[in-house]
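[1] Have a look; sequence and predicted model below, questions after that.
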Amino acid sequence: MYHILRIILYRLWVVSTLTLFSGVVVFWYYGFITAFIVFTLGISGILFNAQDLLLYYPNDPPDSRVFVLQPSNYKLPYESIKINNKDGIKIHMFLIKQSVNSNHKPTMIFFHGNAGNMGQRLSNVSGFYHKLNINILMVEYRGYGLSEGSPTEKGLYVDAQSALDYIMQRTDIDVSKLIVFGRSLGGAIAIDLASRLEYRNKIWALVVENTFTSIPDMAQVILKWKCLNWLPMFCHKNKYMSLHKMGRVMTPTLVLCGSNDSLVPPAMAKELYMRCGAVCKKIVVMPGGGHDDTWTCRDYYSSVQQFLLNVPPLPDEIGPFFDDDNNTTRHTIVHTV
């Protein structure tokens, strides 16, 4: 992480120096007001575009763009797949299928967190494979691992849509039981996918873990600058407005969070849960779970499994899921012990 931060700071220093030099030259020839405008626009442009460098970490650790651990290292049967997404960019994926009756098992589309590549999440995926008895499609976003391109908010949304379109075309998968899973940044991508009208009736269940309400909210949490409260929304290049989108999510939803998450406050998970538009929803707080290790908690897999057992079949049309007795909303808050 220190190596990546040093590279980012060096790039910012180089561009800032060039901008300052340009401002001096403009001042020399055209005067203070013109130079001030040029300098302000230049610094604003630097800060705006630097947000990508501060948000996405595909090179942490440094070899993440050239080496991706294979599922075979965990003795998992898999296909290594590259597809052209809607933008024409090649996206790398792993499809890990059950050895027996894979076409009758649920399939999870796995959106990983920010740093590194999908191969670094294979320990967690191996747990899903063996403990939940499901198939998993692991997706590597543009600019990560062996996928082409550079990460952008809109681009990552397109990658997720392309992955879902791909799995829907498979004839060896039960497309009526598709689970969309996302952790941290992947949770924001999963929420966007499930909130879209053209996709939400194709998703059987949504599971998000240690994800945030929005990037502007996270900027306030990390930087603790009160001035950010007055910063116009257009100043944020990456927004990931998950809290706003959650109101449009009708898919049965499980929100997971670690009680000791030091990066994303667990309170954000509760906000997402409360805003979720799904009638069938549940939140589980894992005691002792951190941002990156909640999946190692004792009741992690059993909590996901129990939730999926109670998810009703995918309806032909999106409509409310009701309790048989009193037609009331089904939702629970669970703290595992």
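    Alright, I've got the coordinates. On a predicted model such as this, the values are computed, not experimentally measured, just so you know.

[2] So which helix or strand of the chain has the lowest pLDDT on average?
    strand 330-335 (a mean of 42; mean pLDDT, DSSP states H and E).

[3] could you pull out the strands for the stretch 1-150 of the chain?
    78-84, 90-96, 107-111, 135-140 (DSSP state E, counting those that start in this stretch).

[4] Go through the first one and flag the buried ones.
    Put plainly, it is strand 78-84. Y78, I83 (16 or more other Cβ atoms under 10 Å). Backbone N, C-alpha and C define where each C-beta goes, glycine included.

[5] re the thing from before, the strands of the stretch 1-150 of the chain: which one's closest to E198?
    Among the strands of the stretch 1-150 of the chain, strand 107-111 comes nearest to E198, with 15.7 Å by Cβ to Cβ.

[6] Any idea which residue is closest to the centre of this protein?
    Centre of the chain computed as the mean C-alpha position; nearest residue by Cα atoms, centre = their mean is G186, 1.3 Å away.

[7] What separation is there between the closest residue to that one other than its chain neighbours and L156?
    Closest residue to G186 apart from its sequence neighbours, by Cβ to Cβ, 6 or more residues apart in numbering: F111 at 3.2 Å. According to Cβ to Cβ, to the nearest Å, F111 and L156 sit 9 Å apart.

[8] show me what contacts the residue nearest to the centre of the chain?
    Neighbour list for G186: F110, F111, H112, G113, T211 [criterion: Cβ atoms under 8 Å, 6 or more residues apart in numbering].

[9] Surely it is in a helix?
    Yes - counting by DSSP: H, G, I helix; E, B strand; the rest coil, G186 is found in a helix.

[10] For it, give its distance to S102.
    23 Å.

[11] cool, and V284?
    Counting by Cβ to Cβ, the gap from V284 to S102 is 27 Å.

[12] same thing with Q169?
    16 Å.

[13] Could you check which of those two is surrounded by more residues?
    S102 (17 against 9; other Cβ atoms under 10 Å).

[14] is it true that that one touches K177?
    No - applying Cβ atoms under 8 Å, one finds S102 not in contact with K177, separated by 11.7 Å.

[15] Excluding chain neighbours, what is closest to Y78?
    P71 (4.0 Å).

[16] still on that earlier bit, most neighbours among the contacts of G186, please name it.
    Highest count within the contacts of G186 by other Cβ under 10 Å belongs to F111, 32 neighbours.

[17] OK, contacts around the spatially closest residue to Y56 that is not a sequence neighbour?
    Closest residue to Y56 apart from its sequence neighbours, by Cβ to Cβ, 6+ apart: P151 at 4.4 Å. Going by Cβ under 8 Å, 6+ apart, P151 touches D52, Y56, P58, Y141, R142, G143, Y144.

[18] can you tell me how far P151 sits from L197?
    25 Å.

[19] mind checking how far Y166 is from R196?
    For Y166, the distance to R196 - Cβ to Cβ - is 16 Å.

[20] make that F110, sorry
    Distance from F110 to R196, by Cβ to Cβ: 19 Å.

[21] swap in S150?
    23 Å.

[22] Repeat that for V279.
    19 Å.

[23] And L256, by the same measure?
    Taken as Cβ to Cβ, the span from L256 to R196 is 22 Å.

[24] Neighbour count: those two, which is higher?
    When neighbours are counted by other Cβ under 10 Å, L256 comes out ahead of the other of L256 and R196, with 26 against 17.

[25] ok, that one touching V284?
    Yes - under the criterion of Cβ under 8 Å, L256 makes contact with V284 at 5.3 Å.

[26] what's the overlap in contacts for the two?
    S303.
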